[in-house]
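A.B. asks: Pasting the sequence and the predicted model now:
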Amino acid sequence: PACAPAWAGLATAHACLNEWFGTGAAGLAKARQTSRMALQLAPQLADAHVARGLAKSLSHRYDEARTAFEEAIRLDPYSFDAHYFFARTSFAFGDARRASELYRLAAELREEDFQSPLLLGLSLRALGRRDAAHEAERMGIIRAEQALARDPSNGRALSLAAGSLFENGEAERAMAWSRRSLELHPDDASAMVNAACLQTMAGCEDAALGLLERVFAQG
């Protein structure tokens, strides 16, 4: 019961379950409770602040989330999780510039991670920096290819990279990756949302709406 890293890990798990699988108010309450326990036990533990930041972000208390993530980075400047989750939170409250800075650092901290460079590209496109976005996305695609070489069933790599493939002129390959992600994980809400984004970019609005209706049907 006095193991703060375990509480922090549990809090992060509850937060991610809430974000990706819709555990509702009960799941979010567990994330808040366990992150609070981690902080009480070890206020100098960066992971505890990351977990707290996640719980605050999911509660839409972005100022408090930002404070928690900044403290995590102060305590551990090499924390991938602190930079990655802070970047996601920054993008959520509309700060694409800060998100791009944090995604860039996250991509440097974990060289095998494909999500950070792909999401960096998204942030840079929001800032109108298309050339820089293209460079980041190409890095993300290469990393996604490497992840798929290790695990061909990695639906996240397939669905997230599909949008970047489309943006970089590989529409046919993008559609194939998106279809494969849905074949492997037909009930994955994230895969369906990413596929809907891709269909929208391709001008297939009916297909996009059908995918989104499946997402909402899950609750």
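C.D. replies: Thanks, I have it. Numbering: from 1, shown residues only.

A.B. asks: Just list the residues touching Ser57, thanks.
C.D. replies: Neighbour list for Ser57: 65, 85, 88-89, 92 [criterion: Cβ atoms under 8 Å, 6 or more residues apart in numbering]. Quick note: C-beta positions are derived from backbone N, CA and C, even for glycine.

A.B. asks: Glu170 too?
C.D. replies: No contacts exist for Glu170 under Cβ under 8 Å, 6+ apart.

A.B. asks: Please state the backbone phi and psi of it?
C.D. replies: phi -110, psi 60 (degrees, to the nearest 10).

A.B. asks: separation between it and Arg98?
C.D. replies: For Glu170, the distance to Arg98 equals 30 Å [Cβ to Cβ, to the nearest Å].

A.B. asks: which stretch of helix or strand covers the residue nearest in space to the middle of the chain?
C.D. replies: For the chain, the residue nearest the mean C-alpha position is Arg88 (6.1 Å; Cα atoms, centre = their mean). If you go by DSSP states H and E, Arg88 is part of helix 80-92.

A.B. asks: returning to that earlier point: would you enumerate the residues in contact with the residue nearest to the centre of the chain?
C.D. replies: 57, 99, 119.

A.B. asks: which of these has the weakest pLDDT?
C.D. replies: In terms of pLDDT, Ser57 ranks lowest among those, with 95.

A.B. asks: now stretch 176-188: how far from the chain's centre is it?
C.D. replies: Offset of stretch 176-188 from its chain centre (Cα atoms, centre = their mean, to the nearest Å): 18 Å.

A.B. asks: Same question for stretch 164-176.
C.D. replies: 20 Å.

A.B. asks: mind checking the end-to-end distance for that stretch?
C.D. replies: Start to finish, the residues bounding stretch 164-176 are 13 Å apart (Cα to Cα, to the nearest Å).

A.B. asks: helices or strands next to the strand or helix carrying Arg97 in the packing?
C.D. replies: Here Arg97 is covered by helix 96-109, with elements defined by DSSP H and E. If you count contacts as 3 or more Cβ pairs under 8 Å, 6 or more residues apart in numbering; DSSP states H and E, helix 96-109 packs onto helix 80-92, helix 115-126, helix 130-150.

A.B. asks: Pipe the ones you listed into a markdown table and attach distance to Ala189 per row.
C.D. replies: What follows is these, written out as a markdown table (distance: least, Cβ to Cβ, whole Å):
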| stretch | distance to Ala189 |
| --- | --- |
| helix 80-92 | 16 |
| helix 115-126 | 16 |
| helix 130-150 | 20 |
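
A.B. asks: Right, I'll call it a day here.
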